[in-house]
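**Student:** Give me coordinates for this.
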Amino acid sequence: MFSTSGNGRKLRRLLLAAVFAIALVVPNAAAAAPTVVTLTFDDGLADQYVARSTLAQYSLRATFFVNSNRIESGATYLTWSQLSGLAADGHEVGGHTLDHVDLTSVGATEAQRQVCDDRQALVSHGFTVTSFAYPFGARNSSLYSIIQGCGYSSARRSWGLCALGLAASACSDPLAETFPPQNVWEIRTIPSVRTWHTLTDLQGIVSRAEAGGGGWVPIVLHHVCDACDPDGYSISPSVLSAFLAWLAPRSSTGTYIRTMRDASDNTAPVSSIACNGSTCSSTAYTAPVSVSLSATDAGSGVGAIRYTVDGSDPTASSPLYSGPFAVSTTATVKYRAWDVAGNVEATNSRLIEVNTGSGDTTPPVSAIACNGSGCSVGWYAASVSVALSATDTGSGVDAIRYTIDGSDPTTSSPSYSSPFTVSTPTTVKYRAWDAAGNVEGTKSQLIQVDTVAPTIVVTSPANGAIVNGNIKVVASPADANSGIASVTFYVDGSPLGTAASAPWQIPWNTKKSTRGQHVLSAVATDRAGNAQTSASVTVTVR
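**Tutor:** Numbers count the residues shown, from 1 in each chain. Predicted coordinates for the structure are as follows:
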């Protein structure tokens, strides 16, 4: 059973707080902890649903604390279908008791029924429910074991942090909750947002936490409407929208928006290492190695990866990983990741041996083929099968990497494994790496593909025209890809002549043709060999 007393618990809290103060870092604010903002909507009110589209617009996630007996109990409250839609968007659904009762005013049996039956009702509708909010914020320590016993992992108050509209210097309460929370069963929040609070007030609670060293800022919201609640527990949709628009881009500077569940994350991230874009070798490299680090975190998200190459364990003062780095001599790379909630994994270690004094120092040599032979400098009239190959006389080919977007291949580019198809004009860039880490210079091949036939119209003489003497037969061809190579003109199906450049025309001495009707046409051929015949034009020779 959960207990809040005892010297052991106090010591654990102090140790956790100390670890957080030392270790919590983020890429763009290495000197301070991140600021985590949690948007919570209480009571399952119907007008909260208007926030769904605004949250989606900025790709933000919130927590909705609902009373299950109120759902679909009238127009004032959300429906189960609406809750399912919110959950499908990634929002968290949390418990708030069956009937929004003050748990400190009822006996233990009723309190347990209100908490447990409410959670079970939400779970039965398919929701993952781990966060609880006290109605009215009313709580006492006797409720902790009930809430935990019902299956919750955290509980939220509705005050305890510095109120809206106050400068940091005027606050007697903390600016933000700590990571981990001071008490996971009484997570402190900014007092409820009220009708009179402005956009500036909302921005202020985030800005002052950022300036004060970061931490967790849960925000309590109720109605989303224009002053619809007689007690003032509402926020205007326009103010909420403006606040979310201001809040969304702050993740780039170390302020994150997380649900209660994600912000309550107590699982460390997991990091990994790669050498020259693949698994690090257990044998020595004969050339400098490009080392890359990565990490994943299913809860609050990765906050930072830090590493060392001097044998020491990474701390908050160690180099922050931002991209691949070179290891030129034998070294032990130690690395670990922190998440946004302050969890840090154990130190990982990898010995990378580099011996550039002997062995393979010659890069491999790669080659390209189109449709099984050398690539043409001209145009292809059909899709081309492109194959890459490489040879290495030393340690052997490790990888061939290529791009088709114009950039030079790196260890992050696609690794060639089998022929691929090119269907439009494309520049393929490619290069090979060997097992010793040697890499050749980038090679480039323009592959010109045009599979679309040109268009052509005979423009003179006009259809139905009467002609005699020496005239010109004129056509208008067009081709958006390889361009027009030639236009051949026909009279009654017999070639009249070919034009190899603009103007696309040919002379016709009608005196050498019999009097009466004749049919003119033209065939345009593009540089890839695609051909198109024009519509026929009928003229009369007099």
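**Student:** mind listing what P135 touches?
**Tutor:** Under the criterion of C-beta atoms under 8 Å, 6 or more residues apart in numbering, the neighbours of P135 are 67, 96-97, 100-103. Bear in mind the C-beta positions are built from the backbone N, C-alpha and C, glycine included.
**Student:** Pop out the phi and psi values for F136.
**Tutor:** When quoted as degrees, to the nearest 10, the phi and psi of F136 stand at phi 60, psi 0.
**Student:** What pLDDT is listed against the closest residue to it other than its chain neighbours?
**Tutor:** Nearest non-adjacent residue to F136, counting by C-beta to C-beta, 6 or more residues apart in numbering: D102, 5.5 Å away. pLDDT recorded at D102 is 97.
**Student:** ok, D102 to A111 distance?
**Tutor:** 10 Å (C-beta to C-beta, to the nearest Å).
**Student:** domain parsing for this structure?
**Tutor:** Domains of the chain are assigned by automatic domain parsing as 33-249, 270-352, 365-449, 455-541.
**Student:** Reformat the ones you listed into TSV and put distance to R258 next to each item.
**Tutor:** Formatted as TSV, these follow (distance: least, C-beta to C-beta, whole Å):
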stretch	distance to R258
domain 33-249	5
domain 270-352	5
domain 365-449	28
domain 455-541	49
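**Student:** So for D262, which of the ones you listed sits nearest?
**Tutor:** domain 270-352 (4.9 Å; C-beta to C-beta).
**Student:** can you give me how far that closest one is from the chain middle?
**Tutor:** Remark: domain 270-352 is offset 22 Å from the chain centroid, using C-alpha atoms, centre = their mean, to the nearest Å.
**Student:** So for D102 and A111, which residue has more residues nearby?
**Tutor:** A count of neighbours by other C-beta atoms under 10 Å puts A111 above the other of D102 and A111, at 21 against 15.
**Student:** how much space between the nearest residue to the more buried one once chain neighbours are set aside and T97?
**Tutor:** For A111, ignoring the flanking residues on the chain, the nearest one in space by C-beta to C-beta, 6+ apart is L103 at 4.7 Å. Separation of L103 from T97 (C-beta to C-beta) stands at 7 Å.
**Student:** Residues that sit against both of those two, list them.
**Tutor:** Here L103 and T97 have 114-115, 135 as joint contacts, going by C-beta under 8 Å, 6+ apart.
**Student:** and the nearest residue to L45 once chain neighbours are set aside, what does it touch?
**Tutor:** Nearest non-adjacent residue to L45, counting by C-beta to C-beta, 6+ apart: H223, 5.6 Å away. For H223, the contacting residues are 45, 47-48, 229, 233-235, by C-beta under 8 Å, 6+ apart.
**Student:** Please work out the average pLDDT along the lengthiest strand in the chain.
**Tutor:** Ranked by residue count, the top strand of the chain under DSSP state E comes out as strand 516-526. Averaged across strand 516-526, the pLDDT comes to 97.
**Student:** Quick one: mean pLDDT for the helix or strand following it?
**Tutor:** Scanning forward in sequence from strand 516-526 by DSSP states H and E, the next helix or strand is strand 531-533. For strand 531-533, the mean per-residue pLDDT is 97.
**Student:** May I have the helix or strand following strand 531-533 as CSV, with CA atoms only?
**Tutor:** Downstream of strand 531-533, the next assigned helix or strand under DSSP H and E is strand 537-541. Provided in CSV are the C-alpha atoms of strand 537-541 (Å, rounded to 0.1, in the frame of the first residue of the first chain):
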residue,chain,number,x,y,z
VAL,A,537,-6.4,18.1,-92.8
THR,A,538,-8.4,17.8,-96.1
VAL,A,539,-7.7,20.4,-98.8
THR,A,540,-8.8,20.8,-102.4
VAL,A,541,-6.3,21.4,-105.2
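**Student:** Specify the angle between strand 537-541 and strand 516-526 in degrees.
**Tutor:** Our comparison of strand 537-541 with strand 516-526, counting by axes from the mean of the first three to the mean of the last three C-alpha atoms, to 10 degrees, yields an angle of 140 degrees.
**Student:** neighbouring strands for strand 537-541, and are they parallel or not?
**Tutor:** If you go by DSSP bridges, strand 537-541 pairs up with strand 466-467 (parallel), strand 516-526 (antiparallel).
**Student:** Generate a markdown table for these, with mean neighbour count and distance to F179 as supplementary columns.
**Tutor:** Compiled in a markdown table, these are given as follows (neighbours: other C-beta atoms under 10 Å; distance: least, C-beta to C-beta, whole Å):
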| stretch | mean neighbour count | distance to F179 |
| --- | --- | --- |
| strand 466-467 | 14 | 90 |
| strand 516-526 | 19 | 65 |
